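K.L.:
Need a 3D model of the sequence below.
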Amino acid sequence: MIFTVGQNSGHYCAPNATYDALVGRTPSKLSQRDLIGECGSALAKAGIRLIAYLPSHAPARDHMAAERLRFTPAWDARAWGFKPEPLPGAEKTDERLSEAQRNWEAVIREWSLRWGALVAGWWIDGCYFADRMYRGTTEPNFASLNQALKSGNAASIVAFNGGTAEPFTPLTEWQDYTAGEVAGEFPVPYQWRPMSRFINGCQLHVLSFLGQSWGLGPPRFSWAFVAGYTQELNHLGGVMTWDVAISGKGAIDRPLFDQLKRIGASH
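P.N.:
Next up, the predicted model:
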């Protein structure tokens, strides 16, 4: 199961002292309850592994957090990108946002060390500026971000998402499976030769939504389509992840739940 730690609102479902010290907001937007740790423990008892979702950057819609984490003034939340500008006290523009990257790695490291083996993997969103920020031999880069993510569990697997344009192209050698984000057209896996569960050394993985969009119902496809596409991907050794809508009470929308059951029964 892939579960979201937090995204762009600035709210996170687990405490993090490093984050609170850097942001300095009182009261914190982070929950006191460690929902990720609780989910990991509960899922482990059922033999299910947990993957944590987290963006590669500060919460874009929380301007105070973005500023304190040093993603501003370069970070432009409205454009979901950044416009490099000199940081206060800096003589030259730091297009790589090195200080911000180091801060975020420290936040991630605290979570990873706390959860340990309870988190078997990470799906890291928003790596849209890989050439500018993460590639290269000088840290911070993909290597140092990978190390922070795996600090609590060296056996965990990591995916870096660069968007829907090339969902199965690994961004770096430092990832273990493809992010595979698909929103509209569903690609045919047979475009890769030789046909294999691995693409440039990464486990083939596809991620899309069962509903109308991310976290929204009702189903947009027949159960036969989603079951057939899942089976075809599995036949190649690939992995399929389906996003589902969750109610305010924590339940999966019934029509989507029924589709998941039929997918499982078809295998």
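K.L.:
any idea how far Gly250 is from Ile36?
P.N.:
As for Ile36, its distance to Gly250 is 15 Å (criterion: C-beta to C-beta, to the nearest Å). From N, CA and C alone the C-beta is placed, and that goes for glycine too.
K.L.:
Can you tell me the closest non-neighbouring residue to Ser266?
P.N.:
Ala227 (4.3 Å; C-beta to C-beta, 6 or more residues apart in numbering).
K.L.:
so which strand or helix has that neighbour?
P.N.:
helix 223-235 (DSSP states H and E).
K.L.:
Any buried residues in that helix, and which?
P.N.:
223, 226-227, 229-230, 233 (16 or more other C-beta atoms under 10 Å).
K.L.:
residue ranges for the strands of the chain, please.
P.N.:
Using DSSP state E, the strands found in the chain span residues 2-4, 51-55, 75-76, 81-82, 121-125, 157-160, 198-199, 202-203, 205-209, 239-243.
K.L.:
More neighbours: Ile36 and Gly250, which one.
P.N.:
Ile36 (24 against 6; other C-beta atoms under 10 Å).
K.L.:
coming back round to it: tabulate the strands of the chain in TSV, adding columns for distance to Met133.
P.N.:
Output for those, formatted as TSV (distance: least, C-beta to C-beta, whole Å):
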stretch	distance to Met133
strand 2-4	22
strand 51-55	13
strand 75-76	11
strand 81-82	9
strand 121-125	12
strand 157-160	11
strand 198-199	23
strand 202-203	20
strand 205-209	22
strand 239-243	25
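K.L.:
Quick one: closest of the ones you listed to Glu166.
P.N.:
Of all the strands of the chain, strand 198-199 sits nearest to Glu166, with 10.8 Å by C-beta to C-beta.
K.L.:
what's the closest one in contact with?
P.N.:
Under the criterion C-beta atoms under 8 Å, 6 or more residues apart in numbering, residues 168-170, 178, 192, 204, 237 lie in contact with strand 198-199.
K.L.:
Can you flag the buried ones in those residues?
P.N.:
Here, 16+ other C-beta under 10 Å leaves 168, 170, 178, 204 buried among the contacts of strand 198-199.
K.L.:
so who does the closest residue to the first one other than its chain neighbours touch?
P.N.:
Pointing back at Phe168 there. Sequence neighbours aside, Thr178 is the residue nearest to Phe168 in space, at 4.8 Å (criterion: C-beta to C-beta, 6+ apart). Contacts here follow C-beta under 8 Å, 6+ apart; on that basis Thr178 touches 159, 167-170, 199, 202-206.
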